[in-house]
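Student: Show me how the following folds:
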Amino acid sequence: MPGPERLFYARAFALVGLLVLGYLLYLILLPFLAPIAWALFLAFLVYPMHRWLARRLGGRAALSAALLTVFVLLLLIGPLTALGAAFARQAADLTRHIQQLVVEHKPAAPSDLATLPLVGPAIAWLQETAGVSLAQIQAWAIEAAQALLKGLGALGRAAFLGALGTLVGFALMIFILFFAIRDGRRWMETARELVPMSAPERARLFEHLASVTRAMVYGTGVTALVQGALVAIGFAIAGLPSPVVFGVLAALAALVPMVGTPAVWVPALIVLAAQDRWGAALFMLIWGGFVVTIDNFLRPWLVSGRAQIGALTVFIGVLGGVGAFGPIGILLGPLVLALAIALVRFRLEAGREEAQR
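Tutor: This next block holds a predicted model:
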């Protein structure tokens, strides 16, 4: 039957051509994935402002997009660049501070650390059980701390330009941002029309995906930023060094389920107690408890009426996203996983509804 054969070969040719075209398109866009991802992410954040501003400007979407692009540019170059510089400076200061402490307080035996809560007994147990000497433990701890802080310092110096790749990548991101703000809604409508579903199903699907996206960005991202800022404020009030560095670390830790901000402020609490600064230690305990508690009401308020994101999705997404996409992967990784899970659930729910009819 020549008719079906021609149809089969035509479809096979179209599928192969589509795959080849998609692969070539991927190769073309690969060097610019980070700037494109940043531009789309920022456009998503400022879109509510764009919608309001465009109405106030008499429907001039291009003017609104241009003003918001300049606003984002000033925000990135100004406060956030200053934050990156402060981060790098404080990371370097913290490295020198740790080296100075090691020289001034070099223990000779595990008994010298017995007064430290948790730390002393743990080191003594390691020496007795595993045969690891105190000098080895100290050397490993110093090397790990120095390597971590050097890496953090490099990340801080690079700030957002490093996250985007190069100055060219930053410029490209700003260029794409204007069009993403101005034409983002039209892009979404075009993508919606390409989905092979009925109009009501498409509307439900994109509404669900938008809900998942907002839950991820606002419920997880904004909550982590707020918690990181609060930890930095707590460190500054308690008189601890490098509050900006530890605030950034706390924000990153807040993105990881089962870790959270206690991974940052609990060691600080132990250090304050070891220094007999009991007033500051009590303050850090109360402040840290408040930072943990704020997640219980800030996240539900931000995600109110939107899809929930599972802890496992966020955990795997953060770790895999950073490896795949770099710094933007902290949000992009969990978002991609959440959207994929949302598509599967939507398809299953649609199948059940069809079976019940």
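Student: which residue ranges form the strands in the stretch 251-357 of the chain?
Tutor: Taking DSSP state E, counting those that start in this stretch, the stretch 251-357 of the chain contains no strands at all.
Student: so where is it shaky, pLDDT-wise?
Tutor: The stretch 251-357 of the chain contains residues with pLDDT under 70 at 257, 300, 302-312, 326-328, 330, 350, 354, 357.
Student: where exactly do the helices run in it?
Tutor: Listed in chain order, the helices of the stretch 251-357 of the chain (DSSP state H, counting those that start in this stretch) span 262-274, 278-302, 311-325, 329-356.
Student: Tell me the buried residues in the longest one?
Tutor: In this case it means helix 329-356. Buried positions in helix 329-356, judged by neighbour count with 16 or more other Cβ atoms under 10 Å: 329-338, 342, 346. Backbone N, C-alpha and C define where each C-beta goes, glycine included.
Student: How about stretch 50-63?
Tutor: 50, 53-54, 61.
Student: now do stretch 282-289
Tutor: 283-284, 287-288.
Student: Present the residues you listed as TSV; the columns should include distance to A210.
Tutor: TSV is the format used below for these (distance: Cβ to Cβ, whole Å):
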residue	distance to A210
F283	41
M284	39
W287	36
G288	35
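Student: Check what contacts the host helix or strand of F41 and list those residues.
Tutor: Assessed by DSSP states H and E, F41 sits inside helix 33-56. Contact partners of helix 33-56, identified using Cβ atoms under 8 Å, 6 or more residues apart in numbering, comprise 29, 60-61, 64-65, 67-68, 71-72, 163-165, 169-170, 172-174, 176-177, 180-182, 184-185, 213, 217, 325-326, 328, 331-332.
Student: Excluding chain neighbours, give the residue nearest to L83 in space.
Tutor: V244 (6.9 Å; Cβ to Cβ, 6 or more residues apart in numbering).
Student: Tell me how far that neighbour lies from T220.
Tutor: Here V244 is placed at a distance of 22 Å from T220 (Cβ to Cβ, to the nearest Å).
Student: Can you spell out the domain ranges of the protein, please?
Tutor: As assigned by automatic domain parsing, the chain contains the domains 32-194, 196-357.
Student: What is the nearest of the buried residues of helix 329-356 to L319?
Tutor: Closest to L319 out of the buried residues of helix 329-356 is G333 (7.5 Å), distances taken as Cβ to Cβ.
Student: So that closest one sits against G317, correct?
Tutor: Yes - G333 lies in contact with G317 (Cβ atoms under 8 Å); the separation is 3.8 Å.
Student: quick one, what contacts Q227?
Tutor: Counted by Cβ under 8 Å, 6+ apart, Q227 has contacts 250-251, 254, 260-261, 291, 294-295.
Student: separation between it and L68?
Tutor: From Q227 to L68 the distance is 27 Å (Cβ to Cβ).
Student: Please apply the same query to G234.
Tutor: Distance from G234 to L68, by Cβ to Cβ: 33 Å.
Student: between those two, who's got more neighbours?
Tutor: Counted by other Cβ atoms under 10 Å, G234 and L68 do not tie: G234 has more neighbours, with 26 against 22.
Student: Excluding residues flanking it in the chain, which one is nearest the more buried one?
Tutor: Take G234 and drop its neighbours on the chain: the residue closest to it by Cβ to Cβ, 6+ apart is W287, 4.1 Å away.
Student: Quick check: buried residues in the helix or strand hosting S64?
Tutor: Assessed by DSSP H and E, S64 sits inside helix 61-75. By 16+ other Cβ under 10 Å, the buried positions in helix 61-75 come out as 61, 64-65, 67-69, 72-73.
Student: Quick check: the two most widely separated of these?
Tutor: It's A61 and L73 that sit farthest apart of these, by Cβ to Cβ, at 18.4 Å.
Student: pLDDT value on E193, please?
Tutor: The model reports E193 with a pLDDT of 79.
Student: tell me which residues in the helix or strand it falls within are buried?
Tutor: Take DSSP H and E as the rule and E193 turns out to sit in helix 167-194. Across helix 167-194, burial judged by 16+ other Cβ under 10 Å covers 169-170, 172-174, 176-178, 180-182, 184.
Student: ok, now stretch 212-219?
Tutor: Result for stretch 212-219 [16+ other Cβ under 10 Å]: buried residues 212-219.
Student: re earlier: mind listing what the residue nearest to G234 touches?
Tutor: Residues in contact with W287 (Cβ under 8 Å, 6+ apart) are 230, 234, 237-238, 265.
Student: Now, the residues you listed that are in helices?
Tutor: Using DSSP state H, the subset of these located in helices is 230, 234, 237-238, 265.
Student: surely L331 meets M216?
Tutor: Yes - judged on Cβ under 8 Å, L331 makes contact with M216 at a distance of 6.9 Å.
Student: Figure out the helix or strand that R6 lives in.
Tutor: R6 belongs to helix 2-29, assigned by DSSP H and E.
Student: Return the per-residue confidence for P4.
Tutor: So P4 comes in at 68 (pLDDT).
Student: Same question for P107.
Tutor: 50.
Student: Going by neighbour count, list what's buried in stretch 23-42.
Tutor: Buried residues in stretch 23-42 (16+ other Cβ under 10 Å): 32-42.
Student: As JSON lines, the residues you listed with pLDDT and distance to W301 would be great.
Tutor: Listed next are the buried residues of stretch 23-42 as JSON lines, based on pLDDT from 0 to 100; distance: Cβ to Cβ, whole Å:
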{"residue": "F32", "pLDDT": "79", "distance to W301": "36"}
{"residue": "L33", "pLDDT": "79", "distance to W301": "33"}
{"residue": "A34", "pLDDT": "76", "distance to W301": "31"}
{"residue": "P35", "pLDDT": "82", "distance to W301": "32"}
{"residue": "I36", "pLDDT": "84", "distance to W301": "31"}
{"residue": "A37", "pLDDT": "81", "distance to W301": "27"}
{"residue": "W38", "pLDDT": "81", "distance to W301": "27"}
{"residue": "A39", "pLDDT": "86", "distance to W301": "28"}
{"residue": "L40", "pLDDT": "85", "distance to W301": "25"}
{"residue": "F41", "pLDDT": "81", "distance to W301": "22"}
{"residue": "L42", "pLDDT": "84", "distance to W301": "23"}
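Student: Cheers, nothing more for now.
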